[in-house]
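Engineer: I'd like to go over a predicted model; first the sequence, then the structure.
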Amino acid sequence: MSDSFAPDLLADQHIVVTGGGTGLGRAMALRFADLGAAVTINGRRPDPLAETVRDIEAAGGAAEGIQCNVRDYEAVQAFFEEAEDRQGPVTRLVNNAAANFLAPTEDISPNGFDAIVQTNLYGSFYCTQACGQRWLERDAEGVVLSIATTYAETGSAYVVPSAMSKAGIVAMTRSLAAEWGSEGIRLNAVAPGPFPTEGAWDRLVPDDDLEQKMRERVPVRRFGEPEELATLASFLLSDLSAFMNGEVVTFDGGEALAAGGQFNTFTRMPRRQVKALMEQMRPE
Ligand SMILES: CCCCCCC/C=C/C(=O)SCCNC(=O)CCNC(=O)[C@H](O)C(C)(C)COP(=O)(O)OP(=O)(O)OC[C@H]1O[C@@H](n2cnc3c(N)ncnc32)[C@H](O)[C@@H]1OP(=O)(O)O
Ligand SMILES: NC(=O)C1=CN([C@@H]2O[C@H](COP(=O)(O)OP(=O)(O)OC[C@H]3O[C@@H](n4cnc5c(N)ncnc54)[C@H](OP(=O)(O)O)[C@@H]3O)[C@@H](O)[C@H]2O)C=CC1
């Protein structure tokens, strides 16, 4: 996808994208490489990693895929060693890997809770700490971008472990923005609304009817496109956003705001009908 960024916006960067073999992570990895970065992606399954690396290389970019389970502290340490052996010092990190499923909270097993929280919260911490340690030791600047979600702020029914862990990621982002900002390390987050990826849809969108209802909740009446998120992420990783630190950028077509206003329900009715209703209520 072409855009108005300089074609070398991310040249000289080595960017790690966790969970970069699929969905939003893959879209970001492709875009970062297109903007000149060397990209290293990880994930547990080798096939999506290999496919994404192949696609980046076919487009003329530089990429490596390394299998890694971000729930495992030692595996994360080994991953960063390997990534730097292959492509030099990591300069940017995107905490994108995540786990989620819909479940009534009273039915979630300890193992189910762990699967989500250890991936999202512990995984993001392990990767962020590994980068921070390297950057502080080297006196190098660095940027961390974490993929949160809008319900990290509001909470949401039926995705409680995800909401808890994404809220923790936001807290980490804001805390470290203060702690590491003076050392040249910036941390920001994006809170995406719905983006139809296979990973999210298979686990969170039970049927077409609910999908349509979800679309109608978004004021702009569509879902996001992964390439749009990749554009925002490129800006947030680049020096164009050098003064932005500790920010959570909501990127949801207005969905979260619309859910909050009591009278926003009128926006789902034809405007003519709304006007007629309101006209009736005017005093004589
Ligand atoms: C659609 C609109 C978007 C709105 C905003 C949404 C914001 C956030 C979105 C996302 O995060 S989308 C990302 C989705 N992608 C993924 O989740 C990818 C990774 N996920 C997975 O690998 C699995 O889905 C997993 C279940 C989370 C983990 O798999 P793993 O192989 O590690 O573990 P399992 O052994 O399969 O399961 C562990 C544990 O969890 C229980 N469990 C699994 N699924 C469910 C379920 N649907 N409901 C309840 N419990 C579930 C499973 O039974 C295991 O527990 P025990 O049986 O061992 O006790
Ligand atoms: N799509 C949407 O509507 C929204 C998505 N988000 C967030 O966007 C991000 C990307 O989600 P999306 O692309 O939709 O979904 P995907 O399921 O495609 O992406 C999740 C990625 O994380 C990887 N992953 C999962 N567990 C681990 C683990 N333990 N170690 C390493 N990698 C792991 C998966 O690979 P593998 O299974 O091979 O390990 C996969 O590549 C997530 O942070 C999600 O919470 C936020 C709001 C909305």
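Structural biologist: In hand now; what should we look at? Ligands and ions are numbered 1, 2, ... in the order given.
Engineer: Is the top helix by length along the chain in proximity to ligand 2?
Structural biologist: The residue-count maximum for a helix in the chain (DSSP state H) belongs to helix 160-180. No - residues of helix 160-180 are not located near ligand 2 by C-beta under 6 Å from any ligand atom, the shortest gap being 6.9 Å. Just so you know, the C-beta spots here come from the backbone N, C-alpha and C atoms, and that holds for glycine as well.
Engineer: And the strands in the stretch 151-284 of the chain?
Structural biologist: 185-192, 248-251 (DSSP state E, counting those that start in this stretch).
Engineer: Redo those as CSV? Include mean pLDDT and distance to Gly20.
Structural biologist: Formatted as CSV, these follow (pLDDT from 0 to 100; distance: least, C-beta to C-beta, whole Å):
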stretch, mean pLDDT, distance to Gly20
strand 185-192, 98, 15
strand 248-251, 98, 18
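Engineer: of the ones you listed, which approaches ligand 1 most closely?
Structural biologist: Each of the strands of the stretch 151-284 of the chain has some distance to ligand 1 by C-beta to the nearest ligand atom; the shortest is strand 185-192, at 7.2 Å.
Engineer: name the helices or strands packed onto the closest one?
Structural biologist: helix 123-138, strand 142-147, helix 160-180, helix 226-237, strand 248-251 (3 or more C-beta pairs under 8 Å, 6 or more residues apart in numbering; DSSP states H and E).
Engineer: again, only using 6 Å
Structural biologist: Using 3 or more C-beta pairs under 6 Å, 6 or more residues apart in numbering; DSSP states H and E, the elements in contact with strand 185-192 are strand 142-147, helix 160-180, strand 248-251.
Engineer: List the buried residues in the longest one.
Structural biologist: Spelled out, that is helix 160-180. The neighbour-count check on helix 160-180 (16 or more other C-beta atoms under 10 Å) flags 160-170, 172-174, 176-177, 180 as buried.
Engineer: Bridged to Thr18, which residues?
Structural biologist: On the basis of DSSP bridges, Thr18 is bridged to Asn42.
Engineer: Can you give me the neighbour number for it?
Structural biologist: Thr18: 27 surrounding residues under other C-beta atoms under 10 Å.
Engineer: just the one 10 residues further on next, same as before
Structural biologist: Met28 sits with 29 neighbouring residues when counted by other C-beta under 10 Å.
Engineer: Could you show which parts of the stretch 151-284 of the chain are in contact with ligand 2?
Structural biologist: Pro192, Pro194, Phe195, Thr197, Gly199, Ala200.
Engineer: Quickly find the element holding Glu82.
Structural biologist: Here Glu82 sits within helix 73-87, counting by DSSP states H and E.
Engineer: And that helix, what's buried?
Structural biologist: Quick answer for helix 73-87 (16+ other C-beta under 10 Å): Ala75, Val76, Phe79, Phe80, Glu82, Ala83, Gln87.
Engineer: next one: stretch 251-265
Structural biologist: Phe251, Asp252, Gly253, Glu255, Ala256, Ala258.
Engineer: quick one on the thing from earlier: how about the CA coordinates for the helix holding Glu82, as CSV?
Structural biologist: Extracted as CSV, the C-alpha positions of helix 73-87 are listed here (Å, rounded to 0.1, in the frame of the first residue of the first chain):
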residue,chain,number,x,y,z
TYR,A,73,10.9,-16.0,30.1
GLU,A,74,13.9,-18.0,29.1
ALA,A,75,12.6,-18.5,25.5
VAL,A,76,12.1,-14.7,25.3
GLN,A,77,15.7,-14.1,26.4
ALA,A,78,17.0,-16.6,23.8
PHE,A,79,14.7,-15.0,21.1
PHE,A,80,16.3,-11.6,21.5
GLU,A,81,19.9,-13.1,21.5
GLU,A,82,19.0,-14.9,18.2
ALA,A,83,17.3,-11.9,16.7
GLU,A,84,20.3,-9.7,17.3
ASP,A,85,22.7,-12.4,16.1
ARG,A,86,20.8,-12.5,12.8
GLN,A,87,20.0,-8.8,12.2
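Engineer: what helices or strands is the next helix or strand after that helix leaning on?
Structural biologist: Following helix 73-87 in sequence order, the next helix or strand is strand 92-95 (DSSP H and E). Applying 3+ C-beta pairs under 6 Å, 6+ apart, one finds that strand 92-95 makes contact with strand 14-18, helix 123-138, strand 142-147.
Engineer: out of these, deepest packed?
Structural biologist: strand 14-18 (a mean of 28; mean count of other C-beta atoms under 10 Å).
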